[in-house]
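*Asks:* With the input below, show me the fold.
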Amino acid sequence: MTRGWQITLSDDASRAELIDLDSTTLAPPDLGSDVEVAVSWSGLNYKDALAFAGNRGVVRTSPLVPGIDVVGTVTASENERWSVGDRVLLNGAGAGETRNGGLAEHALLDGSTLVATPSVFTDAQAAGIGTAGFTAMLAVLALERHGVTTGDVLVTGASGGLGSFAITLLTRAGFTVTAATGRPENEARLRALGATTIIDRSELDRPSRALESQRWAGVIDSVGGAALATTLAQVQPFGAAVACGNAASPELATTVMPFILRGVALLGVNSSFTPLPLREQAWERLARDLDPAVVDSVAEPIELELAADRAAELLAGRVVGRLSVRVGAGAASTHPESTSPEAS
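*Replies:* As a prediction, the model looks like this:
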């Protein structure tokens, strides 16, 4: 049996339980699961918190093991890419939404979506990075592909996990970073991550004009809504804003003026269904540019039993940085030295 969280939906309610799961429950036969992973760590993301709350936009099959991040070791494989003992990770690809995810001691997964865990990170650190750090890296890569390689970049939702990693990754890439947050008590922490300027989110969370003063070479936005509309009106000519979250709102009330008068681009990041080559590129860059000590400072480890309670805190906006979840019994002893030759 495998211990893990299971979310069950009924017509008018949802239920989250920490229970023993059997193999049939873990992997319905039609999902192409060809790799079994002993899960050591997972993460607790905003999307996972929505799943615990029974959000049907996230929980699209029932019953479901939540957890869009999976980190662990291969215990059985029918996929030629992976062998028993390989350290692997997964961010998204339907985990915790349309198929069972990482908040259980074992996961049966599609091997074509897995990435080798970089040798510089422990399993705990890989989960601490998780979808938040992976998405932040995708956003930085999107700016660079668009030609934004220098200047002042605004990060909204800066106190969260995605924002925290975006600040340190942008700083490492040579940008100047302005952090927008509604938590002034976090200023010292944000500056330690690399932000040079801190602004209150209220400066952005308001109705915007069609065009405003040119301020940002680029933007990484995880909140959506009015803040994104305002920042679009402030992006410098031929700059870009990357939309990668909707913590405040999925709505976007703006005009075409930034796009047709300044050549501004609005770039989207879909971390869940990122193609494998880009997944690997992002994790290779994370291994190069992200100091494991920064991960330790951003991510708070919690026990599996606390996932539901901390998910409620996350939805209420009371969590700073990242939450990594210790899942497997041997999670504490998983070190980079145990990596497979495929890891990089």
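*Asks:* From now on I want contacts and neighbour counts done on CA atoms only, so please keep to that.
*Replies:* Fine.
*Asks:* got the buried residues for stretch 129-145?
*Replies:* Residues 129-143 are the ones in stretch 129-145 that count as buried (16 or more other Cα atoms under 10 Å).
*Asks:* Just list the residues touching Gly163, thanks.
*Replies:* By Cα atoms under 8 Å, 6 or more residues apart in numbering, the residues touching Gly163 are Ala136, Val155, Thr156, Gly157, Ser222.
*Asks:* from the middle of its chain, how far away would the host helix or strand of it be?
*Replies:* Secondary structure from DSSP states H and E places Gly163 in helix 161-172. Taking Cα atoms, centre = their mean, to the nearest Å, one finds the center of helix 161-172 at 12 Å from the center of the full chain.
*Asks:* Next SSE downstream of it?
*Replies:* Assigned by DSSP H and E, the successor of helix 161-172 is strand 176-181.
*Asks:* Show me what that following strand packs onto, helices and strands only.
*Replies:* Secondary-structure packing of strand 176-181 (3 or more Cα pairs under 8 Å, 6 or more residues apart in numbering; DSSP states H and E): strand 152-155, helix 161-172, strand 197-200.
*Asks:* can you list those in CSV and add mean pLDDT?
*Replies:* Formatted as CSV, the helices and strands packed on strand 176-181 follow (pLDDT from 0 to 100):
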stretch, mean pLDDT
strand 152-155, 98
helix 161-172, 97
strand 197-200, 97
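*Asks:* could you show me where the strands are in the stretch 151-300 of the chain, in order?
*Replies:* Taking DSSP state E, counting those that start in this stretch as the test, the strands found in the stretch 151-300 of the chain are 152-155, 176-181, 197-200, 216-221, 235-243, 265-268, 299-303.
*Asks:* closest to Asp11 out of the ones you listed?
*Replies:* strand 299-303 (30.6 Å; Cα to Cα).
*Asks:* Just the angle for that closest one relative to helix 161-172, thanks.
*Replies:* Going by axes from the mean of the first three to the mean of the last three Cα atoms, to 10 degrees, strand 299-303 is angled at 150 degrees with respect to helix 161-172.
*Asks:* Report the distance from strand 299-303 to the chain centre.
*Replies:* 15 Å.
*Asks:* I'd like the next helix or strand past it.
*Replies:* helix 307-315.
*Asks:* Could you point out the longest helix of this structure?
*Replies:* If you go by DSSP state H, the chain has its longest helix at helix 123-146.
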